[in-house]
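> sharing a model that was predicted from the sequence below.
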Amino acid sequence: MATVFTANSSGVLINNTQVEGLRTIEYQVVREQSDVHAVGSPERVAVYYGATRVKGRLHVASTNADLDALTQSGEAFQVVANLRHGDAGRSVAFDDCYMERKEFALNSGSHGETVYLFTATRVREEDSAG
């Protein structure tokens with residue numbers, strides 16, 4: 001059965017500081033994969049894996065001074081998303097993160113939103129209860 005985490009119960013920390021104004025966190029983990037074929041056969045007989053790439057996006061209402069500073073400094077940081085729903089929980093930790101870029105948009109009839117894009121060396125996920 002699926003666990004549905006809720007934004008109202010969840011939170012994201014950057015270097016142990018709550019991200020103010022956070023609207024969305026997104027991430028993707030991509031593993032390079034190549035096929036191995038037998039000589040004279042069109043069918044794959046195995047798969048081998050290469051590098052793993054982790055990228056994340058933080059959508060923030062207007063701006064966030066801490067994230068702006070990391071964008072300018074080029075310093076490494078850690079992101080920890082504590083996802084919750086009732087007693088179910090999951091901690092998603094992104095290690096050795098670096099800011100890749102920052103995007104800003106302001107739409108008619110709405111407020112500004114900044115998207116901070118980061119890369120990470122690894123992501124670790126751990127389920128918890130209680």
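That came through, no problem.

> in the protein, what residue spans correspond to helices?
65-73 (DSSP state H).

> where in it is pLDDT low?
Applying pLDDT under 70 to the chain flags the ranges 1, 130.

> only C-alpha atoms, please: export stretch 91-101 in CSV.
Taking Å, rounded to 0.1, in the frame of the first residue of the first chain, the C-alpha atoms of stretch 91-101 are listed here in CSV:
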residue,chain,number,x,y,z
SER,A,91,13.9,11.0,5.9
VAL,A,92,15.5,11.9,2.6
ALA,A,93,19.1,13.2,3.0
PHE,A,94,21.1,14.7,0.1
ASP,A,95,24.9,14.8,0.8
ASP,A,96,27.6,17.1,-0.5
CYS,A,97,25.2,19.4,-2.4
TYR,A,98,26.2,22.3,-4.6
MET,A,99,23.9,25.0,-6.0
GLU,A,100,23.7,24.6,-9.8
ARG,A,101,21.5,27.6,-10.6
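
> show me what G89 bridges to in the sheet.
On the basis of DSSP bridges, G89 is bridged to R84, S128.

> scratch that, K102
Under the criterion used (DSSP bridges), K102 bridges to Y116.

> for it, give its distance to V36.
Per CB to CB, to the nearest Å, K102 is found 41 Å from V36. Bear in mind the C-beta positions are built from the backbone N, C-alpha and C, glycine included.

> okay, the two: which has more neighbours?
Using other CB atoms under 10 Å, the more surrounded residue of K102 and V36 is K102, with 18 against 9.
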